[in-house]
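Q: sequence first, then the predicted structure:
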Amino acid sequence: MTGEKRKKLEVFGATLLGFAEACKDLNIVAGSTAGELVSGVEVNKWYPFKRLRDIEATVIEAYKNAGPILEKAGAEMMLTWYNLGPGKEIINTGVDFLRFQSGSQGYASVVKGPEDLVGSFELVELDENKG
């Protein structure tokens, strides 16, 4: 990946704030460091993706098995996106959420940049009749 391409990869402020908030709420050792890393971040603005990687690094460095912690942080990031970011304007039901996720719309709402760096995923099947 070229440095120029990497510079174009950005993350939504709600994602950064959600991760830092999860670190504090879960009493993660890296909580204070994560808070410092999001100082001045606004929920509805875009920031270099490197800022998210820096917060992740504080958790990975502090814990031998960081996977479960990163998973909980991810859930908090989604809640922050929903409650403080644009989520409530877009999502009204669980099915709305699933539809929004198809075609990577959800991910694209928090990460933007060159397509080969951002990646994508798609909802394979949504059978509303089966619940």
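A: Structure's in. What do you need?
Q: what is the neighbour count of the residue lying closest to Phe49 once chain neighbours are set aside?
A: Excluding the flanking residues, the one nearest Phe49 by C-beta to C-beta, 6 or more residues apart in numbering is Leu9, at 4.1 Å. (Glycine included, C-beta is placed from N, CA and C.) By the measure other C-beta atoms under 10 Å, the count of residues near Leu9 is 18.
Q: contact partners for Leu9?
A: When contacts are counted by C-beta atoms under 8 Å, 6 or more residues apart in numbering, Leu9 touches 48-49, 111-114, 117-118.
Q: next one: Tyr82
A: The contact partners of Tyr82, by C-beta under 8 Å, 6+ apart, come to 88, 91.
Q: only C-alpha atoms, please: export the helix or strand hosting it in CSV.
A: If you go by DSSP states H and E, Tyr82 is part of helix 67-84. The C-alpha atoms that make up helix 67-84 are tabulated as CSV, following Å, rounded to 0.1, in the frame of the first residue of the first chain:
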residue,chain,number,x,y,z
GLY,A,67,-9.6,-10.3,20.8
PRO,A,68,-12.5,-10.3,23.2
ILE,A,69,-11.7,-6.7,24.3
LEU,A,70,-11.6,-5.5,20.7
GLU,A,71,-14.9,-7.2,20.1
LYS,A,72,-16.5,-5.4,23.0
ALA,A,73,-15.0,-2.1,21.8
GLY,A,74,-16.5,-2.8,18.4
ALA,A,75,-19.9,-3.1,19.9
GLU,A,76,-19.4,0.2,21.7
MET,A,77,-18.3,1.8,18.5
MET,A,78,-21.6,0.8,16.9
LEU,A,79,-23.6,2.1,19.8
THR,A,80,-21.8,5.5,19.5
TRP,A,81,-22.4,5.6,15.8
TYR,A,82,-26.1,4.9,16.4
ASN,A,83,-26.6,7.1,19.4
LEU,A,84,-24.4,10.1,18.6
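Q: perfect, that will be all.
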